[in-house]
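1. Fold the following, please.
(one chain, ligands or ions: 1)
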Amino acid sequence: MTKVLITGGAGFIGSTVASALIDQGITPVILDDLSKGRREFVRDRIFYQGDIADQALLDRVFAEHPDIYAVLHCAAKIVVPESVSRPLHYYRENVAKTVDLLESLQRNGCERVVFSSSASIYAPTADARADETSPVAAESPYARTKQMMEQVLQDWTVAAPVRVIVLRYFNPIGADPQLRTGLQDPNPSHALGKLIEAHTEGTPFTITGVDWATRDGSGIRDYIHVWDLARAHVAALTRFDAVVEPAADDRYRVINVGTGQGTTVRELVTAFEAAVGESLDVREAGQRPGDVIGCYASGDLAGELLGWSAQKSLVDGVRDALAWREKWTAQLAG
Ligand SMILES: NC(=O)c1ccc[n+]([C@@H]2O[C@H](COP(=O)([O-])OP(=O)(O)OC[C@H]3O[C@@H](n4cnc5c(N)ncnc54)[C@H](O)[C@@H]3O)[C@@H](O)[C@H]2O)c1
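-> Okay, the predicted model is just below:
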């Protein structure tokens, strides 16, 4: 394996995966329209600016890099509330354009695809645990685009000599430990982002929802360090042909990528306070519309198939998120 095409490789996860590949001597070829990706994240990397649905551009990429071994399809629109207000935009960007991309891959003889899916497609369960066989019932247009694409990809593997590994990510946090790239938005809206905001601004942090059926009443997530997530992609590529054999009847495989550890919002606050060595002013409020109990990975399919497990701690994730934010805000200001 010499080269791997990463769509969305100028974004948060794709750029981190690109760094992990480079560290293993694999060359990423990046395609991104820079709608959310950052030019700084592709500096010194092979980069094509353009749309995943641009079939002529994809033909050029494959003509110029005939040694592309596989495609990691990370490009997508990812903001859940925006997907509620602009569903057609999300279905076009994440579903229709991905179908165009798959046609380009098929035309260019690319047979290995790793797809960025999301644990947000799982139906809520009583104990908040989800393994790959748990029922799916996506609740937002964004999550439905992921659920739909999984179905499209599975159908594609039945009809064409292609193979697909779907990675269902849980909740990525942190940044590349070497701080090459990280989140584009210095003030993300997820719980860790709100904690960072409370810490830097000296404002209260509010736990929204304290009567969920969890051990302490607050919602639960499975925070996975983005570097561990990136390593899971390297493992999926390295083991691709063993995980989905070319001649297998079933050439489609779903694998959860989480730590297997549920972390409640209260536990996240405790880890954050440990990382910064300071207590926050923590308040409590009721659930907001659309809030969910959350879920965390159960079982160990990623360990069995990929020989992979998460190695970094929650505190590592908090520290790397803070370090990246400091570096990135200074870079943006300068
Ligand atoms: N961040 C999360 O919490 C999370 C969780 C589960 C799954 N995922 C999935 O992981 C993938 C990467 O997410 P991320 O957090 O890095 O988001 P991101 O927005 O940072 O990265 C997505 C990248 O895709 C690019 N892009 C979007 N539409 C494009 C198009 N039509 N053509 C070319 N490029 C396009 C954007 O410019 C951006 O750089 C997405 O598929 C997302 O659904 C993310």
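2. Sketch out the low-pLDDT regions of the stretch 151-300 of the chain for me.
-> Low-confidence segments of the stretch 151-300 of the chain (pLDDT under 70): none present.
3. Of all residues in it, which one is closest to the ligand?
-> residue 169 (3.7 Å; CB to the nearest ligand atom). C-betas here are computed from N, CA, C, even on glycine.
4. ok, that residue touching residue 224?
-> Yes - with contact defined as CB atoms under 8 Å, residue 169 and residue 224 form a contacting pair (6.9 Å).
5. which residues does residue 61 contact?
-> 5, 29, 31, 48, 68 (CB atoms under 8 Å, 6 or more residues apart in numbering).
6. Closest one of the residues you listed to the ligand?
-> Nearest to the ligand among the contacts of residue 61, with distances taken as CB to the nearest ligand atom, is residue 31, at 6.1 Å.
7. hang on, that closest one in a helix?
-> No - note on residue 31: no helix contains this position according to DSSP: H, G, I helix; E, B strand; the rest coil, which reports strand.
8. Could you check the pLDDT of it?
-> According to the per-residue confidence, residue 31 scores 98 in pLDDT.
9. Does residue 320 touch residue 178 like I think?
-> No - taking CB under 8 Å as the definition, residue 320 is not a contact partner of residue 178, at 9.7 Å.
10. which residue sits closest to residue 209, ignoring its sequence neighbours?
-> The shortest distance from residue 209 to any residue that is not its chain neighbour, by CB to CB, 6 or more residues apart in numbering, is 3.9 Å, and that residue is residue 287.
11. State the number of residues packed around the one you found.
-> By the criterion of other CB atoms under 10 Å, residue 287 has 14 neighbours.
12. Next, the contact list for the residue of the chain found nearest the ligand, please.
-> Closest approach between the chain and the ligand, counting by CB to the nearest ligand atom: residue 11, at 2.1 Å. Neighbouring residues of residue 11 by CB under 8 Å, 6+ apart: 32, 36, 37, 41, 74, 75, 184.
13. Up against the ligand, what does the stretch 51-200 of the chain have?
-> Taking CB under 6 Å from any ligand atom as the criterion, the stretch 51-200 of the chain approaches the ligand at residues 51-52, 74-78, 93, 97, 116, 118, 169, 172, 184.
14. okay, among the residues you listed, which ones form the most distant pair?
-> Distance extremes for those: the farthest pair is 51 and 172 at 24.2 Å, using CB to CB.
15. The two: who's more crowded?
-> residue 172 (22 against 18).
16. Assign that one to one of the three secondary structure states.
-> What three-state DSSP gives for residue 172 is strand.
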